[in-house]
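In: Provide a 3D model corresponding to the input given below.
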Amino acid sequence: MRARAANDLSPFGQHQPHGALRRLLQFTQNAGMHWLGQRAALLVRGVGLRRLRSRPVDVTVETLRARMRLYPFNNACEKRLLFTPQLADREERRFLAARITPDMTFLDLGAGVGATSLFVALRAGPRAKILAVEPQPMLYERLVYNLRQNPAATVKAMDCAVADSENDVTLFINPYDLAETSMRIVNVEGGGGSARVPAYALATLVREEGFGRIDAMKLDVEGAEDLVLEPFLSFEPETLWPRALILAYSPGKWDVDLCAMLEERGYVRVLRTRVYVIYERSEDQGLTP
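Out: Predicted coordinates for the structure are as follows:
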């Protein structure tokens with residue numbers, strides 16, 4: 001099992017890439033979108049990971065316009081953001097970019113280290129209202145650090161889980177990939193850790209944070225998406241349902257068919273990517289004057 005090193009909270013810039021690592025990153029980040037370029041980037045990425053070991057890297061992720069401290073050794077999301085940001089969730093970001101407005105309201109559930117929240121905040125501006133929720137303690141600390149490196153005061157970070165009840169829940173942690181932390185058991189050879197964290201229903205968070213509407217929401221909670229979304233769509237008024245939804249696609253882990261539920265409630269599937277399924281609902285569909 002990999003050692004669980006503590007996050008480094010020293011001033012940004014202490015871990016800028018230099019020399020061979022800088023050249024290596026320039027290669028992987030400019031390898032192109034074609035198959036051979038992607039394959040070469042992945043091979044060179046392996047060299048970079050071996051050189052870095054457990055050290056973080058301070059970079060400006062150009063696809064986000066965001067300064068971030070990234071730990072690629074134990075988080076697949078951070079690994080992609082560092083070495084191949086041009087490939088990381090590009091279709092999802094294109095979808096969001098077309099829907100960003102100055103007064104946008106956005107929920108990022110399972111925010112990780114803040115990539116999507118920063119992407120929206122740095123384009124929407126100071127009038128936007130963004131809530132980034134991340135229950136995994138080490139990732140939450142990285143999220144807060146990254147938010148502080150950018151003019152993203154419109155983002156509020158919360159360290160809690162979102163579920164179907166309002167009690168403490170157990171998170172099962174994959175030490176090899178922190179992004180796979182889940183309320184549903186993670187099977188890791190050699191064993192993984194766990195943590196108890198507070199949990200809230202989505203409806204509670206929406207009301208307590210004063211959201212009168214949700215323009216867009218990203219929901220990626222490692223197979224527990226049904227615990228979050230099913231009660232919200234079943235009991236909350238349609239005026240609160242998200243108009244656009246980027247949903248991590250894990251039907252084998254769900255107890256209900258979320259895709260069928262969304263389509264029954266007027267959502268239209270816009271796109272299916274490698275990781276997500278994207279839905280949208282008309283602003284006036286099902287709403288009463």
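In: for the closest residue to A153 other than its chain neighbours, helix, strand, or coil?
Out: In this structure, A153 finds its nearest non-sequential neighbour in P126, 6.7 Å apart by CB to CB, 6 or more residues apart in numbering. Where C-beta positions appear, they are placed from N, C-alpha and C, glycine not excepted. What DSSP: H, G, I helix; E, B strand; the rest coil gives for P126 is coil.
In: Next, work out how far apart E141 and D159 are.
Out: Separation of E141 from D159 (CB to CB, to the nearest Å) stands at 9 Å.
In: right, I mislabeled it, should have said V47
Out: Taking CB to CB, one finds V47 at 35 Å from D159.
In: And for A195?
Out: Taking CB to CB as the measure, A195 falls 11 Å from D159.
In: Overlap in contacts, the two.
Out: Residues touching both A195 and D159 by CB atoms under 8 Å, 6 or more residues apart in numbering: P137.
In: Please, where are all the helices along this structure?
Out: 19-29, 35-52, 76-83, 90-97, 115-124, 137-148, 202-208, 225-235, 258-264 (DSSP state H).
In: can the ones you listed go into CSV with extra columns for mean pLDDT and mean neighbour count?
Out: As requested, the helices of the chain are exported to CSV (pLDDT from 0 to 100; neighbours: other CB atoms under 10 Å):
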stretch, mean pLDDT, mean neighbour count
helix 19-29, 94, 15
helix 35-52, 91, 14
helix 76-83, 96, 22
helix 90-97, 96, 16
helix 115-124, 97, 24
helix 137-148, 96, 21
helix 202-208, 96, 16
helix 225-235, 96, 19
helix 258-264, 97, 16
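In: of these, which approaches L245 most closely?
Out: helix 258-264 (7.2 Å; CB to CB).
In: tell me how far the closest one is from the chain's mean position?
Out: Relative to its parent chain, helix 258-264 has a centroid offset of 22 Å by CA atoms, centre = their mean, to the nearest Å.
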